[in-house]
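Peer 1: sequence isn't available, so here's the structure alone:
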């Protein structure tokens, strides 16, 4: 395993109308990986495969060196999971859910549970069905953290949270990995959150990993350029994706191709740039592409 907490190798899952195709990635200890992609790209499918909620058709997944099927109990003790849809008992109090978790997980920490309930003002003596979406997310994150996992696997954890709560969650993620022994896999559409905390980004497009790089590598490999439309004319082949207005454009290019452009602004790309421009690149390959959008 080396320094990796999570390793996914050549994982495949095929449905009638979708295929997660030969996916590989790894997450080092002490790091946060952002998982991005358009709706239907396969992010939630991949997470459910890690959790062994659905069965993979091929490949291998290990968490802390343990195969997630052969050593499922060990693996699930190692993972703090927050799903995009809550998994708590709706008609029970959060306090009752926590009692169940304390029996299921080997390293349950009641003090940590009470800490986050108090910090986030979660009414844990009320039934979960009475919670708002944001409170349900806080409750799931509280349960996930309270059993002291090695890795957090989070599917849209900040969706539905107010700005203050989102900042609190991001601070907790930073703190969680700060000892260099824990990791986070963070799937989200709120790419601005990843710009604040992610050490690496993995991009899924139509069930395939098209990039998996640390943030510095992304900045070394790509650039966002902007300028007058005349500067783009005849150079479309160098553009990974572009937004074009009546006079000006913005595009993602490889830094090695910057030499083909004069009189353009150059900026470092963020997670949103990588996602949106790469989606457009994929559309170019699959359909007739028009740069006028």
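Peer 2: Ah, there it is. Keep in mind the model is a prediction, meaning the values are calculated, not measured. Numbering: from 1, shown residues only.
Peer 1: what about the strands in this structure?
Peer 2: Assigned by DSSP state E, the strands in the chain fall at 4-14, 19-28, 32-36, 58-63, 66-67, 79-82, 151-155, 183-187, 200-205, 208-214, 222-228, 239-244, 248-254, 265-267.
Peer 1: for residue 111, which of those strands is the nearest?
Peer 2: Across the strands of the chain, residue 111 has its closest neighbour in strand 79-82 (16.2 Å, C-beta to C-beta). Backbone N, C-alpha and C define where each C-beta goes, glycine included.
Peer 1: can you tell me what sits against that closest one?
Peer 2: For strand 79-82, the external contacting residues (C-beta atoms under 8 Å, 6 or more residues apart in numbering) are 50-51, 63, 137, 140-141, 144-145, 147, 149-155, 157.
Peer 1: go on, stretch 48-55?
Peer 2: By C-beta under 8 Å, 6+ apart, the residues outside stretch 48-55 that reach it are 6, 8, 11, 13, 20, 45, 56, 61, 63, 68-69, 72, 75-76, 79, 81, 153, 185.
Peer 1: could you give the mean pLDDT of it?
Peer 2: Computed over stretch 48-55, the mean pLDDT rounds to 95.
Peer 1: now swap in stretch 257-271 and tell me
Peer 2: Taken as a whole, stretch 257-271 has a mean pLDDT of 93.
Peer 1: mind listing what the nearest residue to residue 87 once chain neighbours are set aside touches?
Peer 2: Leaving aside its sequence neighbours, residue 87 sits nearest to residue 140 (C-beta to C-beta, 6 or more residues apart in numbering; 7.3 Å). Counting by C-beta under 8 Å, 6+ apart, residue 140 makes contact with 82, 83, 86, 87, 88.
Peer 1: so where do the helices sit in the stretch 1-150 of the chain?
Peer 2: Here the stretch 1-150 of the chain has its helices, by DSSP state H, counting those that start in this stretch, at 43-50, 72-78, 94-104, 110-119, 133-146.
Peer 1: figure out which of these is closest to residue 28.
Peer 2: Short answer: helix 72-78, nearest of these by C-beta to C-beta, at 15.2 Å.
Peer 1: tell me what the closest one is packed against?
Peer 2: Packed against helix 72-78, as judged by 3 or more C-beta pairs under 8 Å, 6 or more residues apart in numbering; DSSP states H and E, are the following elements: strand 66-67.
Peer 1: can you name the residues in contact with the strand it packs on?
Peer 2: Strand 66-67 is contacted from outside by 60, 61, 74, 75, 78, using C-beta under 8 Å, 6+ apart.
Peer 1: which one of the helices of the stretch 1-150 of the chain lies nearest to residue 269?
Peer 2: Evaluated over the helices of the stretch 1-150 of the chain, closeness to residue 269 peaks at helix 43-50, with 19.9 Å, by C-beta to C-beta.
Peer 1: report the distance from the closest one to the chain centre.
Peer 2: Here the centre of helix 43-50 is set off from its chain's centre by 11 Å, with C-alpha atoms, centre = their mean, to the nearest Å.
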